[in-house]
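**Q** Build the 3D model from these lines:
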Amino acid sequence: MNQNTIDEGKTLGLVAYLTLFGTLIAFFMNQDKRNPFTTFHIRQGLGLGLAYIILGFVVSSFDSFMISMSFWVFFSVLYIYGIIGALTGKLNKVPLLGDFFQTIFKSIG
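**A** This next block holds a predicted model:
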């Protein structure tokens, strides 16, 4: 992947991490050019968004401030890591879950 491809995909790569709506916007805007850098970050953003919703339902049933705060900190760090990767033009997979997201969403893009 060359630097021009990365530069063209940075904006949509960032948008992919802004809620699930941002992921959908980045996905549909990427359909014309099929930028591989943007596709990578769409997979990561989609995986984070879905994991956040699914685990959020589980965590909300515990009714514990400590568990809820740990959940928020964990996902905040993962989202910030992904956003920084998109802004700096790197293909950094999200820790712990990034390989799984790339595998399960390989048909996207």
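
**Q** For this structure, which residue occupies the most central location?
**A** residue 45 (1.7 Å; CA atoms, centre = their mean).

**Q** quick one, what contacts residue 93?
**A** 44, 99, 101-102 (CB atoms under 8 Å, 6 or more residues apart in numbering). For every residue, glycine as well, the C-beta is placed using N, CA and C.

**Q** try 7 Å
**A** Residue 93 makes contact with 44, 99, 102, according to CB atoms under 7 Å, 6 or more residues apart in numbering.

**Q** Any of those buried? List them.
**A** By neighbour count, with 16 or more other CB atoms under 10 Å, the contacts of residue 93 hold 44, 102 as buried.

**Q** where in the chain is pLDDT low?
**A** For the chain, the stretches flagged by pLDDT under 70 are 109.

**Q** quick one: the helices in it?
**A** 3-15, 19-29, 36-60, 65-88, 98-104 (DSSP state H).

**Q** Please compute how far the first one lies from its chain's middle.
**A** Chain-centre distance of helix 3-15: 14 Å, with CA atoms, centre = their mean, to the nearest Å.

**Q** Now do the same contact list for residue 83.
**A** Residues in contact with residue 83 (CB under 7 Å, 6+ apart) are 14, 17.
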